[in-house]
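# when you get a sec, could you give me coordinates for this:
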Amino acid sequence: MNKTIDINCDLGEGGKFDADIMPLVSSCNIACGGHFGDKTSVDKAVSLAKTYHVNVGAHPSYPDFENFGRKSMDLSPDELKNHLHQQIDLIEESCKDFGVKLHHIKPHGALYNDMRKSQNIADLILNVVTERNSDLILFTPPYIKFSSKIPECITLWMEGFADRAYQNDLSLVSRKENGAVLNDPDLISKRVLSMINNQEVLSLSGEIINHQFDTICVHSDTANALKILEILRANLTQNGIKIGGNYES
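Okay, the predicted model is just below:
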């Protein structure tokens, strides 16, 4: 039986190739005013997603345009929750306007990494998603820990990165380090095939780590992102792997 994998991409971040990338993925994570984005950019991205039947996700972050959401911020829990709800509201309003369903939420940048480092941050994000009062999928990094049971209305999808290097504990190598970002389309295709077929990923130090992923991300701002996705999609198809993520309009 053919396998299916969700391929996601962070879009609506001011990149030049969103319209070319959107048809190549099954889910998109749309910047919604934290690290980038406003109503105009969100509407444009949601419209593209609807055109190509791509799952729409909110991509909230710390409120930090200056650093593109890649630096942690010391905010009170209430302040951070309010910011996240405001960002997700922006996406949901656009989804209603275009007649599509908000499919998932994926934290961005430092917030995503802090979610793995801090149980308090992880719990806060889970609470925000739960408070949306709808069935949603939450994209998470490996080995995430929450202090309470996951509500039935929330599904967790474990995310892997096609174009980012991993440490042995499956934390991401800092972008400040050499080799942190991968941009060779053929190498990335082989890496993703191994992640899907063997549940294996090679760490930066050369150790093989076993882990199963529900969705795999290619960043739109990675050099060669469009070429990476074109080659990856072709190779997955050739190997009997379907790209899909339960699209709902």
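# would you mind measuring from the spatially most central residue of the chain to S72?
Here the mean C-alpha position of the chain is nearest to the C-alpha of K106 (Cα atoms, centre = their mean), at a distance of 5.1 Å. Distance of K106 to S72, computed by Cβ to Cβ, to the nearest Å: 17 Å. Every residue, glycine included, has its C-beta placed from N, CA and C.
# could you point out which element follows the helix or strand harbouring K50?
For K50, the enclosing helix or strand under DSSP states H and E is helix 39-51. Counting by DSSP H and E, the next helix or strand C-terminal to helix 39-51 is strand 55-59.
# and that next one, how far from the chain's centre?
Remark: strand 55-59 is offset 8 Å from the chain centroid, using Cα atoms, centre = their mean, to the nearest Å.
# show me what the next helix or strand after it is in contact with.
Toward the C-terminus, strand 55-59 is succeeded by helix 77-98 as the next helix or strand (DSSP H and E). Identification of contacts with helix 77-98 by Cβ atoms under 8 Å, 6 or more residues apart in numbering yields 30, 32-34, 37, 39, 42-43, 46-47, 50, 56-58, 60-63, 73, 75, 101-102, 105, 120, 124-125, 127-128, 131-132.
# was I right about N55 contacting S27?
Yes - in this structure, N55 is within contact of S27 by Cβ atoms under 8 Å, at 4.0 Å.
# those two: who's more crowded?
Under the neighbour definition other Cβ atoms under 10 Å, N55 and S27 were set side by side, and S27 has more, 28 against 24.
# quick one: contacts for the more buried one?
The neighbourhood of S27, defined by Cβ under 8 Å, 6+ apart, consists of D6, I7, N8, C9, V54, N55, G57, H103, H104, T215, G245.
# what do you get for H211?
Each residue near H211 by Cβ under 8 Å, 6+ apart is listed here: P142, M158, G160, L170, Q199, E200, V201.
# and those as JSON lines, adding pLDDT and secondary structure?
As requested, the contacts of H211 are arranged in JSON lines below (pLDDT from 0 to 100; DSSP: H, G, I helix; E, B strand; the rest coil):
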{"residue": "P142", "pLDDT": "94", "secondary structure": "coil"}
{"residue": "M158", "pLDDT": "97", "secondary structure": "strand"}
{"residue": "G160", "pLDDT": "97", "secondary structure": "strand"}
{"residue": "L170", "pLDDT": "96", "secondary structure": "coil"}
{"residue": "Q199", "pLDDT": "96", "secondary structure": "coil"}
{"residue": "E200", "pLDDT": "96", "secondary structure": "strand"}
{"residue": "V201", "pLDDT": "96", "secondary structure": "strand"}
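# and the furthest pair within those residues?
Of all pairs drawn from the contacts of H211, the widest gap by Cβ to Cβ lies between M158 and E200 and measures 14.2 Å.
# closest to L232 among the contacts of H211?
Out of the contacts of H211, the one with the shortest distance to L232 is G160. That distance is 12.7 Å, counting by Cβ to Cβ.
# count the neighbours of the closest one for me.
By the other Cβ under 10 Å criterion, the neighbourhood of G160 contains 23 residues.
# likewise for the one 3 residues further on?
Applying the criterion other Cβ under 10 Å, we find 25 residues in the vicinity of D163.
# that one and E93, how far apart?
Taken as Cβ to Cβ, the spacing of D163 relative to E93 amounts to 31 Å.
# helices along the chain, start to end?
When assigned using DSSP state H, the helices of the chain occupy the ranges 18-21, 39-51, 77-98, 109-117, 119-130, 185-197, 225-238.
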